[in-house]
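# All I have is the shape, not the residue letters:
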């Protein structure tokens, strides 16, 4: 394929630059940004593929600059959710990061799926959910765009996108290093060194590490939830000529032998025969007989194998198997820009590789009953070419995009026959290849000095090919290419779709924007992940009668989201205060709903609707004081979800709280020879469900979470000390739940960390 040749050439060019990097590395063992007061000024974003103030564009975007990110002061990306309206961020473990914007997400935990919330790192699309964790170091800003962004960003930005923008090589020497220590023996670092290598070449080397003990006591072995992680990033920026610029970036992330996979807390749960067989906690079904249901000697309060965790704490478990997680991610990219004078050509080339090994104790007990392992190797190459320009009244951009993803995935379920008769040892998986091509264009025309019209269109062509085999105890159960010749062609799928944008902006003065828009976003279909201890079938009647997997149900179709939205953005009091608001209505055609059935992960297409509103207010009323708040309202419905007993019912979208309220305050003032900073952030959100079934054991009640941070900086900020408390009230709450009540008599639930503390010191040059 042509893109392979293009990427190979770029990778070779990057390799030539690596020789420079050791000189940069030897000059540095360095640092992280200051925890200064968060910005309220006009933060520049690239939401429309050109630099613009976030207050000047008719998009619901929240941008967190480097000072805000430093004031947050926490290493995991979940902290973003406390500062961005309608954003949920879940890291079930380092193996997967799921962004949810306005209730739009994809909770399929298997390795081959792409999410409807696109993630970009320095303009590069990152397909794998397992590659995101750990990228948030030495950042210039983070951008969160809500609503479909498919015209310019294209790839799977159905519900929005998150973009990290790295700090770039600087023209003047600078460096920083931050050392953090805290709960569970944590020792973490972050740093960077940057500066000129010559008049035309600049370089930056950044790093981060995190080493900590586990926060879950395991009575059967070592504690669970430890971290052993590091990330490295090298960048070179070269002025090839006055009109030609080149930035080369190499990045690697590694998790090494972590006991951080499947951090589940045991809870007995059973299918409720009086409520469509939906998973329900055992305490709510006192008359349910699990022994009779599962054919074992279990009594109420125990799982299918007769186990009960009597500790009463989600942070004290008894697991016979030590989980493991290893990951290595590499990313090599090059951005070239040529300025024609009348316009500019941008080329963004990227190559990624992810290797991942993961194993968990799915039954969460001392019994050797149910273990789950995955292994993945993913290769991604992409090339984007953009041509842009402007006249007195028109800004325009057009471009081409090509991408190839090849992933090899292997899954294993190991269940002794004495525990779950008929399951045994399942080995299943294969390869999946995705080729994607797209062309796009967008223009903004100033009809009058106060009125602008924006229109855009993107056409995408995706072709996917899967090879899949399933073995039970070494015996082939299913080979998609050969077992059923009449459905073998379903291994290939082609999707042609278009995204579009139409918008009108009204700017009566330089401090006011009122906008109305309609946006269409699309996400290609794909393939679910299925395994079976028994035979597959291509006959719907047989599948309905026996429960055998139906081959035709494994593929799923594309989804299309159309968003009607209107909003306003106000900059007040000499730009010290911002007040933004928006209201939206979503019409979802073919919403890709994830459901876990036994050991199978199915995705089916449904009609869905949403409507909601968001409001943001932030101000800096006096020097050193920052106050920010937001409120969101959301109503969702997905139609005709198949419940465990076969009933079709309308449900709420997962992780879509109906109301949330966030607020944060930071005050920095002089004390003695330095500056003292006091900061806190809080967020309340109403209850929501983890899965589309909306089972009782999937419901998470509303909660309020808060964090505090104190800093003291001297020597004009060159030396800074900080202390923090996260989850101040020690709130007990779940971030994930996988209902396995009908299979294990229990549910896989993951709790957020309890209250943690830490102190850090930062040195800057």
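Happy to help now that I have it. Because the structure is a prediction, the values reported are computed rather than measured.
# and residue 597, what are its bridge partners?
Counting by DSSP bridges, residue 597 forms beta bridges with residue 600.
# How many residues are close by it?
16 (other Cβ atoms under 10 Å). (Glycine included, C-beta is placed from N, CA and C.)
# Does residue 744 touch residue 302 like I think?
No: Residue 744 lies out of contact with residue 302 (Cβ atoms under 8 Å); the separation is 11.1 Å.
# Of those two, give the one with the bigger neighbour count.
Comparing residue 744 with residue 302 by neighbour count (other Cβ under 10 Å), the higher total belongs to residue 744, at 26 against 21.
# Okay, the more buried one and residue 278: tell me how far apart.
For residue 744, the distance to residue 278 (Cβ to Cβ, to the nearest Å) stands at 15 Å.
# Ok, residue 532 next?
Noted for residue 532: a distance of 23 Å to residue 278, by Cβ to Cβ.
# Which of those two has more residues huddled nearby?
residue 278 (24 against 21).
# is it true that residue 184 lies in a helix?
Yes: the assignment for residue 184 by DSSP: H, G, I helix; E, B strand; the rest coil puts it in a helix.
# Next, count neighbours for it.
Residues within reach of residue 184, counting by other Cβ under 10 Å, total 15.
# what do you get for residue 658?
Residue 658: 17 surrounding residues under other Cβ under 10 Å.
# Okay, it and residue 355: tell me how far apart.
Distance of residue 658 to residue 355, computed by Cβ to Cβ: 40 Å.
# do residue 649 as well
From residue 649 across to residue 355, the span is 41 Å (Cβ to Cβ).
# Same question for residue 120.
On the measure of Cβ to Cβ, residue 120 and residue 355 end up 22 Å apart.
# more neighbours, these two?
Neighbour count, other Cβ under 10 Å: between residue 120 and residue 355, residue 120 has more, with 20 against 15.
# can you pull up the bridge partners for the more buried one?
Applying DSSP bridges, one finds that residue 120 bridges with residue 125, residue 163.
# contacting residues around it?
Residue 120 makes contacts with 126, 153, 161-164, as judged by Cβ atoms under 8 Å, 6 or more residues apart in numbering.
# Between those, which sits nearest residue 586?
residue 161 (15.8 Å; Cβ to Cβ).
# So for that closest one, what's the nearest residue that isn't a sequence neighbour?
Spatial nearest neighbour of residue 161, excluding adjacent residues (Cβ to Cβ, 6 or more residues apart in numbering): residue 118 at 4.1 Å.
# ok now the helix or strand that neighbour falls within, how far from the chain's centre?
Per DSSP states H and E, residue 118 falls inside strand 117-121. Remark: strand 117-121 is offset 8 Å from the chain centroid, using Cα atoms, centre = their mean, to the nearest Å.
# cool, and stretch 229-243?
Here stretch 229-243 is found 25 Å from its chain centre; the criterion is Cα atoms, centre = their mean.
# what does stretch 434-454 give?
27 Å.
# tell me the mean pLDDT over that stretch?
Mean pLDDT, stretch 434-454: 97.
# bridging residues for residue 522?
Assessed by DSSP bridges, residue 522 has beta-bridge partners residue 560.
# contacting residues for residue 179?
Listed by Cβ under 8 Å, 6+ apart, the contact set of residue 179 reads 187-189, 760-762.
# pLDDT-wise, which helix or strand of this protein ranks last?
For the chain, counting by mean pLDDT, DSSP states H and E, helix 21-26 ranks last in confidence among helices and strands (a mean of 34).
# The stretch 651-765 of the chain: strands as residue ranges?
With DSSP state E, counting those that start in this stretch, the ranges of strands along the stretch 651-765 of the chain come out as 659-671, 674-685, 688-689, 699-700, 703-714, 719-726, 734-740, 746-751, 756-764.
# In TSV, list those strands along with distance to residue 582.
Converted to TSV, those look like this (distance: least, Cβ to Cβ, whole Å):
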stretch	distance to residue 582
strand 659-671	15
strand 674-685	18
strand 688-689	21
strand 699-700	26
strand 703-714	24
strand 719-726	30
strand 734-740	27
strand 746-751	32
strand 756-764	34
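# Can you tell me which of those strands is nearest to residue 606?
Residue 606 sits nearest to strand 688-689 of all the strands of the stretch 651-765 of the chain, at 15.2 Å, using Cβ to Cβ.
# which residues sit against the closest one?
If you take Cβ under 8 Å, 6+ apart as the criterion, strand 688-689 is touched by 651-652, 654-658, 695, 698-700.
# tell me the two of these that are most distant?
Pairwise distances among these were taken by Cβ to Cβ; the largest, 18.3 Å, belongs to 658 and 695.
# residue boundaries of the helices in the stretch 301-450 of the chain?
Using DSSP state H, counting those that start in this stretch, the stretch 301-450 of the chain contains no helices.
# Quick check: which ranges of the stretch 101-250 of the chain have low pLDDT?
Applying pLDDT under 70 to the stretch 101-250 of the chain picks out residues 156.
# if you go through it in chain order, where are the strands?
117-121, 124-125, 139-146, 160-166, 174-182, 186-196, 201-212, 217-218, 227-241, 244-258.
# Could you do the stretch 301-450 of the chain as well?
With DSSP E, counting those that start in this stretch as the criterion, the stretch 301-450 of the chain has strands at 316-317, 324-339, 343-361, 371-390, 394-415, 424-446.
# Same question for the stretch 501-650 of the chain.
According to DSSP E, counting those that start in this stretch, the stretch 501-650 of the chain carries its strands in the segments 512-523, 526-527, 555-556, 559-572, 577-597, 600-619, 625-642, 648-651.
# Is it correct that residue 659 is in contact with residue 635?
No: judged on Cβ under 8 Å, residue 659 makes no contact with residue 635 at a distance of 10.1 Å.
# for the residue of the chain positioned farthest from its centre, phi and psi?
What lies farthest from the middle of the chain is residue 672; by Cα atoms, centre = their mean that is 42.4 Å. Per-residue torsions, residue 672: phi 60, psi -130 (degrees, to the nearest 10).
# Same check on residue 77?
With angles defined as degrees, to the nearest 10, residue 77 sits at phi -70, psi -10.
# So residue 654 versus residue 299, what's the distance?
32 Å.
# These two: which is more packed in?
residue 654 (26 against 12).
# Test my guess that that one contacts residue 692.
Yes: between residue 654 and residue 692 there is a contact at 5.8 Å, judged by Cβ under 8 Å.
# quick check, residue 62 in a strand?
Yes: assigned with three-state DSSP, residue 62 falls within a strand.
# residues in contact with it?
Neighbour list for residue 62: 54, 83-85, 87, 143-144, 146, 616 [criterion: Cβ under 8 Å, 6+ apart].
# picking up where we left off before, among the contacts of residue 179, filter down to the buried ones and hand me the ChimeraX syntax, if you would.
Buried residues within the contacts of residue 179, by 16 or more other Cβ atoms under 10 Å, are selected in ChimeraX with:
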select :188,189,760,762
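# Of the contacts of residue 179, which is the nearest to residue 342?
Set against residue 342, the nearest of the contacts of residue 179 by Cβ to Cβ is residue 762 (44.7 Å).
# Roughly how far does the closest one sit from residue 233?
Distance of residue 762 to residue 233, given as Cβ to Cβ: 18 Å.
# Spell out which residues sit in contact with residue 235, please.
Applying Cβ under 8 Å, 6+ apart to residue 235 gives the contacts 166, 168-169, 203-206, 247-250.
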